[in-house]
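Colleague: structure here, sequence nowhere to be found:
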């Protein structure tokens with residue numbers, strides 16, 4: 001059976017491959033080909049962000065989640081410049097009627113399986129309660145349990161994490177899709193900042209800083225940034241993170257804050273009302289192994305000086321949180 005340059009457009013690839021396993025004779029081959037070209041408006045989002053190796057890894061995750069096939073093998077692709085092909089063989093030896101539910105590969109210790117990326121790529125185009133119910137066990141095995149293992153492994157150094165629920169609060173939103181299209185976790189640090197990790201169809205992201213700014217926090221942040229000693233220290237931290245490949249963001253003003261001169265040496269950072277640093281890790285091979293703990297730990301350690309600066313100079317808000325009104 002041949003799936004020719006179309007795997008990247010399937011919105012339910014695991015179901016399609018399960019059906020292929022159901023109808024193929026035992027030992028029959030399945031070849032899945034793809035090229036370095038696609039229609040970007042039709043391909044799933046995670047596919048667009050991956051290179052050839054990452055796309056083979058996504059296909060591997062699809063095949064393993066479907067069940068009924070031998071371990072896939074890659075052929076062709078760069079440096080031969082031919083379309084890459086992933087080949088596997090049907091391993092089913094039982095009658096068609098006995099094919100059961102998808103087999104989920106055992107979770108690697110503290111690793112995040114590539115099926116987590118595939119899961120969210122499919123969820124983005126099947127964000128319904130029926131699809132979730134059919135894939136809830138897959139979510140637990142490929143997403144939630146690996147996140148628990150990852151954050152538990154980091155807790156000794158950074159503290160206990162809060163893993164976000166998968167359900168969206170749709171009460172005040174025009175978007176009524178019921179499920180979040182990424183899984184995140186946050187570790188709160190003393191002083192109001194914290195560390196963040198998430199996985200979605202675009203892969204793994206690490207980060208840290210403070211997002212939920214209040215007026216008293218913004219005032220203390222700008223006062224500390226305006227002071228030469230503490231302000232220069234933060235600039236050095238941010239520049240260092242930028243050199244290491246982190247992106248710097250947060251909510252900012254379009255103009256300069258009131259009373260700040262146009263030639264202030266730290267004007268760009270003074271525009272910030274919140275400050276975060278993050279790194280898009282994509283879908284590297286180590287993500288599905290225990291090494292993910294080391295990489296996330298290294299990123300959080302790199303961010304820690306900025307987090308501690310925020311804790312020292314900004315701190316928790318003493319103002320009451322605004323109440324969300326009904327609309």
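Modeller: All right, it came through fine. Because the structure is a prediction, the values reported are computed rather than measured. Numbers count the residues shown, from 1 in each chain.
Colleague: longest helix in the chain, please.
Modeller: Ranked by residue count and defined by DSSP state H, the top helix of the chain is helix 291-313.
Colleague: for it, name the packing helices and strands.
Modeller: Counting contacts by 3 or more C-beta pairs under 8 Å, 6 or more residues apart in numbering; DSSP states H and E, helix 291-313 is packed against helix 145-158, strand 194-200, strand 203-210, helix 215-226, helix 228-243, strand 275-282. The way it works is simple: take the backbone N, C-alpha and C, and place the C-beta from them, glycine included.
Colleague: one more time with 6 Å
Modeller: Applying 3 or more C-beta pairs under 6 Å, 6 or more residues apart in numbering; DSSP states H and E, one finds that helix 291-313 contacts strand 203-210, helix 228-243.
Colleague: neighbouring contacts of it?
Modeller: With contacts defined as C-beta atoms under 6 Å, 6 or more residues apart in numbering, helix 291-313 is touched by 110-112, 153, 189-191, 193, 195, 197, 206, 208, 210, 224, 230, 234, 237, 244, 277, 279.
Colleague: kindly report the same for stretch 144-158.
Modeller: 107, 110, 112, 161, 163, 183, 185, 187, 195, 293.
Colleague: where does the stretch 101-250 of the chain have low pLDDT?
Modeller: Within the stretch 101-250 of the chain, the segments meeting pLDDT under 70 span 101-110.
Colleague: repeat that with 50
Modeller: Within the stretch 101-250 of the chain, the ranges that satisfy pLDDT under 50 run 101-109.
Colleague: let me see the domain layout of the chain.
Modeller: Under automatic domain parsing, the residue ranges defining each domain of the chain are 2-103, 122-313.
Colleague: ok now the last one, how far from the chain's centre?
Modeller: Domain 122-313 has its average C-alpha position 11 Å from the chain's average C-alpha position, going by C-alpha atoms, centre = their mean, to the nearest Å.
Colleague: show the end-to-end separation of it, please.
Modeller: By C-alpha to C-alpha, to the nearest Å, the extent of domain 122-313 from end to end equals 43 Å.
Colleague: coming back round to it: which among the contacts of stretch 144-158 gets closest to residue 285?
Modeller: Proximity of the contacts of stretch 144-158 to residue 285, judged by C-beta to C-beta, is greatest for residue 112, which lies at 11.8 Å.
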